[in-house]
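# I would like the atomic coordinates for the input below:
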Amino acid sequence: MTEYDAFFLTELDQVAQDTEQEMVIRDLTEGRAKYRCIYVMARLSDDPAKYADRLWPRLGRGQWVGQPWSVDVVSAVEKIPEAWR
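Purely as a prediction, here's the structure:
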């Protein structure tokens with residue numbers, strides 16, 4: 001199980017559930033990649049057992065919400081144009 005966290009600037013009850021959406025998540029895996037932020041297309045659920053990976057939601061100022069969510073990372077999104085890489 002991979003663990004991520006994400007910052008939400010809206011109320012958590014307004015976050016779309018079970019629909020594919022573009023978002024920024026932060027990888028919490030131990031090692032050199034810890035705290036690496038990536039753009040992804042993902043599905044979220046406030047049910048911790050629905051998807052394979054765990055997401056810790058944070059409010060806008062970084063406060064933990066307390067209850068983990070589950071996340072299904074569908075694909076990574078490359079925001080930097082090919083010519084600039």
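# going forward, measure contacts and count neighbours with C-alpha atoms only.
Will do.
# end-to-end on stretch 50-70?
6 Å (CA to CA, to the nearest Å).
# Would you mark the buried spots in it?
51, 53, 54, 55, 56, 57, 58, 68, 69, 70 (16 or more other CA atoms under 10 Å).
# Same check on stretch 5-12?
Applying a neighbour-count criterion of 16+ other CA under 10 Å, one finds 5, 6, 7, 8 buried in stretch 5-12.
# In the chain, where is pLDDT below threshold?
Scanning the chain for pLDDT under 70 picks out no residues.
# Name whatever forms a beta bridge with the most centrally placed residue in it.
Central residue of the chain (CA atoms, centre = their mean): residue 25, 3.6 Å from the mean position. Beta-bridge pairing for residue 25 (DSSP bridges): residue 38.
# what's near enough to touch it?
Shown in contact with residue 25 (CA atoms under 8 Å, 6 or more residues apart in numbering): 4, 5, 6, 7, 37, 38, 39, 40.
# try residue 27
2, 3, 4, 5, 33, 34, 35, 36, 37, 38.
# Can you report phi and psi for it?
Backbone torsions of residue 27, given as degrees, to the nearest 10, read phi -80, psi 130.
# now swap in residue 7 and tell me
Dihedral angles (degrees, to the nearest 10) for residue 7: phi -100, psi 130.
# Ignoring the adjacent residues along the chain, who's closest to it?
If you skip the residues right next to it in sequence, residue 7 has residue 58 as its closest partner in space, 4.7 Å away by CA to CA, 6 or more residues apart in numbering.
# Which helix or strand contains the one you found?
strand 53-59 (DSSP states H and E).
# Which neighbouring elements make contact with that strand?
With contacts taken as 3 or more CA pairs under 8 Å, 6 or more residues apart in numbering; DSSP states H and E, strand 53-59 sits against strand 3-8, strand 69-76.
# buried sites along the longest one?
By neighbour count, and taking 16+ other CA under 10 Å as the criterion, the buried residues in strand 69-76 are 69, 70, 71, 72, 73.
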